[in-house]
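Peer 1: Sequence and predicted structure are below.
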Amino acid sequence: ETNDATNQAFSMIYNTSQLNDPPTNTLVEWTLGASKTWAAQTVSFKPAPDAPPPPPGDAGGYRPHYRGHAVGTPGGRGGTVCKVKNLLNSGTDSFRSCVEGTFGPRFVVFETSGTIPLSSPILITSPFMTVAGQTAPSPGINIRNRQITIKTHDVVLQHFRIRHGTTFTAYPETALYLGDPNDGGNPNVYNIVLDHMSVSWGTATTVAAVNTIHDVAMMDTVVSESLSSTNNPGGAANLWYGATNGTVTLARNLYAHFGNRGPWIGAGYQAAHYNNVDYNAWGTDLWGWPAGSAQIVGTDPGYPSAIVELTSVGNVCIPGPNSGTAVPFWRIALRANQLPSQVYFSDNSGCGVTIANQWAAAGVWFCPGTSCGQTNAANEGNTRNDMLPSWYTAFNFVVTANTGNVIRDLVLGAAGARPLDRDAVDTRVVADVTQGDGLSGPTLTSENQVGGHPALTVNNQTYNIPANPNNPGTCGTTSGGVVRTIIECDLETKAQAVEP
């Protein structure tokens, strides 16, 4: 098609489904140079779906009001119930015994509150699981010391805390890891939902997803106080990296006290990002350049030659006491073979961005030259998209308008593991946002600088499994028309008891 009346450029899309598995589309852009010869540049990108996504489902069978990637997962629907009865690292009735190993669909419930100190990492490899932290008696569950990795599909985590910390200082780790950086790309990590979680004190990154993971939702979650390290000065909050066809929904989350990555959207991702709050990003990288509070990045050999599709609506960035004087909301750095990307900004504010000017230079910073790795070829002209994409509108997201302090107060009131039953960490972090307090940056290297692990009271309470738990319940249907089961209705009631 001709782009303008002078026939100076045109583009063509063709499908290579006969040549590649999975099929890809290729955009070829031809430009007429001064010598009157044509030059072509080829960029691969994800194919448009043959049909719109299916109607939004529910997270784990009892969250039909949620929208986005992954929320149609059944989680543990139809499975058995495994009870966590103690706070031991391993052994009978431990958290590890309920989530590690090979088994069929299951619900994991808690009959104790308190802190579970891990002495070795947790690796979840069995699919179709719902971990229902809302079943724990007050003040809920905290899991500390070592990394939790999900390397499977259809897993829902709800209403508990993961606070890594520095007890094992010889192991720089991510608090919650989705995927595996050492497996060369595992296509079976998908349909992961993080619902009302509190994750903090990661010593590498706090929440990370890598390689071929896709279809993830993180909603109503607090990611806080990422600890500084040599490779991540100021601490890295939330990384989405290295997936050619990665898809994620990030909604109503609080990112507080971190160096950068609030979040970091890597080349190859399709991301819906709305009604999130960033607070007190240190915002400087290893080389002294502005890191931004959030990033769109592909200038590294590990990133695929694929575009970014990001729709960011109604988000708020709030500088804190450790933020640089000119921390931008977004830093963008993409290679030429990741362009043109499709980035839609609307109704965002703070850190140089205004409602009236979503692409203000003070708020959207493009890395110069090779300052962010390989040569950055991105600019506003080849990344900006001013139309809401069809994949986004098909989800029917309910997005709150960004006026006054509405978004801030919405997120501070409802995010985290137990918003109506917060521990000392979430209580302090939420208060920091409104008071302008807190600590981030290179000096934050240990949880002990901010009060350390909270002492959670150990209470015990039997979880009474409902009769015929997998029979149809009386609390309605999922948005896909599936009748919610009796146990799903019970877990929904318990979830609502700790949510506003």
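Peer 2: Noted; the coordinates are in hand.

Peer 1: Would you verify that V108 is located in a strand?
Peer 2: Yes: checked against DSSP: H, G, I helix; E, B strand; the rest coil, V108 lies within a strand.

Peer 1: please begin residue numbering at 94 from this point
Peer 2: Yes, from this point I'll number from 94; that puts the last item at V201.

Peer 1: Any figure for the gap between it and Y270?
Peer 2: Here the criterion is Cβ to Cβ, to the nearest Å. By it, V201 lies 18 Å from Y270. (Each C-beta comes from the backbone N, C-alpha and C, glycine too.)

Peer 1: In contact with A344, which residues?
Peer 2: For A344, the contact set (Cβ atoms under 8 Å, 6 or more residues apart in numbering) comprises R160, G161, A310, M311, M312, D313, A365, H366, Y367, N368, N369, F490.

Peer 1: Look over those residues and name the one with the lowest pLDDT score.
Peer 2: Lowest pLDDT among the contacts of A344: R160, with 88.

Peer 1: What about it, how many residues nearby?
Peer 2: 24 (other Cβ atoms under 10 Å).

Peer 1: from memory it sits against A487, does it?
Peer 2: No: at 9.9 Å, R160 and A487 do not qualify as touching, with contact defined as Cβ atoms under 8 Å.

Peer 1: Stretch 423-434: how far from the chain's middle?
Peer 2: Centre-to-centre, stretch 423-434 and its host chain are 20 Å apart (Cα atoms, centre = their mean, to the nearest Å).

Peer 1: Same check on stretch 258-274?
Peer 2: What separates the centre of stretch 258-274 from the centre of its chain is 17 Å, taken as Cα atoms, centre = their mean.

Peer 1: Relative to G328, how far out is V491?
Peer 2: V491 sits 31 Å away from G328, going by Cβ to Cβ.

Peer 1: Skip ahead from the helix or strand hosting G474 and say which helix or strand is next.
Peer 2: G474 belongs to helix 473-476 when assigned by DSSP states H and E. Downstream of helix 473-476, the next assigned helix or strand under DSSP H and E is helix 483-486.

Peer 1: How about that next one, which residues are buried there?
Peer 2: W484, Y485 (16 or more other Cβ atoms under 10 Å).

Peer 1: before we move on, what about stretch 407-420?
Peer 2: G407, N408, V409, C410, I411, P412, G413, N415, S416, V420.

Peer 1: Please identify which two of those are farthest apart in space.
Peer 2: The distance between the two most remote of those (Cβ to Cβ) is 25.1 Å, for G407 and N415.

Peer 1: which residues of the stretch 394-543 of the chain fall in helices?
Peer 2: In the stretch 394-543 of the chain, the helices defined using DSSP state H, counting those that start in this stretch lie at 473-476, 483-486, 499-507, 517-528.

Peer 1: looking at the chain, which helix or strand is least sure?
Peer 2: Within the chain, no helix or strand scores below strand 102-108, which has a mean of 38 by mean pLDDT, DSSP states H and E.

Peer 1: quick one: contacts of stretch 556-570?
Peer 2: With contacts defined as Cβ under 8 Å, 6+ apart, stretch 556-570 is touched by 155, 157, 170-172, 174, 176, 202-204, 228, 576-583, 585-586.

Peer 1: got the contact list for G509?
Peer 2: G509 is in contact with H289, M290, S291, D313, T314, V315, L347, R515, D519, V523, counting by Cβ under 8 Å, 6+ apart.

Peer 1: Format these as JSON lines; extra columns: neighbour count.
Peer 2: Rendered in JSON lines, the data for those read as follows (neighbours: other Cβ atoms under 10 Å):
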{"residue": "H289", "neighbour count": "25"}
{"residue": "M290", "neighbour count": "26"}
{"residue": "S291", "neighbour count": "27"}
{"residue": "D313", "neighbour count": "24"}
{"residue": "T314", "neighbour count": "28"}
{"residue": "V315", "neighbour count": "27"}
{"residue": "L347", "neighbour count": "25"}
{"residue": "R515", "neighbour count": "21"}
{"residue": "D519", "neighbour count": "24"}
{"residue": "V523", "neighbour count": "22"}
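
Peer 1: Going by distance to I215, which of these wins?
Peer 2: Distance to I215 across the contacts of G509 (Cβ to Cβ) is lowest for M290, with 14.5 Å.

Peer 1: In this structure that closest one contacts R254, no?
Peer 2: Yes: with contact defined as Cβ under 8 Å, M290 counts as touching R254 (7.3 Å).
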